Each structure stands twice: as C-alpha cells, then as structure tokens.
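A.B. asks: this one's sequence-less:
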C-alpha cells in the first residue's frame, strides 16, 4: 500500500504567504450540461452521476485549484424538499465528501466541504433565525463531522 503523503495545510500555506485557489461552480456546470434543474439546483447529480462529479473535481484541480471543494452546496433538508429528496441529504453529503477526499488524496490537494445560503430566510418573521440555525446545525452537526473524519 502506498504511503499517504503529507499535504501542507491551509493555515500553514496562508502563514507562508501562499495563495490558495479554490475552484467551484458545480451548480452552473451541471445545470448547463442538463444534470440539474434550474431553480431548485439541488445536487442530486452526486448520487445519479457520481462519475461526472468526480470528473469535475479532477478538472478543477487540473485547472489549478488547490482545494477539492465537495459538491455539498444546497444539500440541506429545506432545499432538497423542493424536489422531494430530503431523505437523501446524508447520502448526498457523505458521497460528495468521500469523492472529494479521494480526489484530494490522489492529487495532493486540500479538501473542503461547502455550505450554502438558504431559500427560506425572512428577516421579519419571528423565529426564522432559529429555524435557519437548526437547519444548518443538522447539516453540519457533530455526527456529520464524524462522518467527514471517516475520509481523512
């Protein structure tokens, strides 16, 4: 088994004055190619065509990205409910993270998850701030972080 090489971390790179490039744009890449529906933009392509997501990770690295950013943008329960896929939340996020970790390890790059905005925030509605906090807490909870640790 090949020995895993040590990749210089983000903070170390920044302390050394290095520039760190993180390419992304998965929503628009996959929407233009017909794999996402404009409007909902839920990343179901992660489950339906994982080979395309992995290829896009590799293409961003080839183009110069120092970070493999997992395609977890908009993978939260409220957004996914728009297309009836809220029960796929954990599967999508874990699969996107696992593929990103594998590509990062293969290419010697950094790996990161992605967080998104919400489509339900209304500042004037009482308790919406707390509802939004709970949504993101669920997506990025300790249990989710433990699953990320499986890939590091």
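C.D. replies: Looks like it arrived, so ask away. Not measured: the values here are computed from a predicted model. Numbering: from 1, shown residues only.
A.B. asks: got any ranges where this structure has weak pLDDT?
C.D. replies: Per-residue confidence for the chain (pLDDT under 70) gives these ranges: 1-5, 117-121, 135-152.
A.B. asks: As a check, name the ranges of all helices in it.
C.D. replies: In the chain, the helices defined using DSSP state H lie at 10-15, 26-32, 45-48, 50-62, 77-80, 89-107, 128-139, 142-149.
A.B. asks: quick one: contacts for residue 52?
C.D. replies: The contact partners of residue 52, taken as CB atoms under 8 Å, 6 or more residues apart in numbering, are 30, 33, 35, 45. C-betas here are computed from N, CA, C, even on glycine.
A.B. asks: which one of those is nearest residue 13?
C.D. replies: Distance to residue 13 across the contacts of residue 52 (CB to CB) is lowest for residue 30, with 28.9 Å.
A.B. asks: Measure how buried that closest one is and give me the count.
C.D. replies: 22 (other CB atoms under 10 Å).
A.B. asks: Residue 16 versus the closest residue to it other than its chain neighbours, what's the distance?
C.D. replies: The shortest distance from residue 30 to any non-neighbouring residue, by CB to CB, 6 or more residues apart in numbering, is to residue 36 (4.4 Å). Distance, residue 36 to residue 16, using CB to CB, to the nearest Å: 37 Å.
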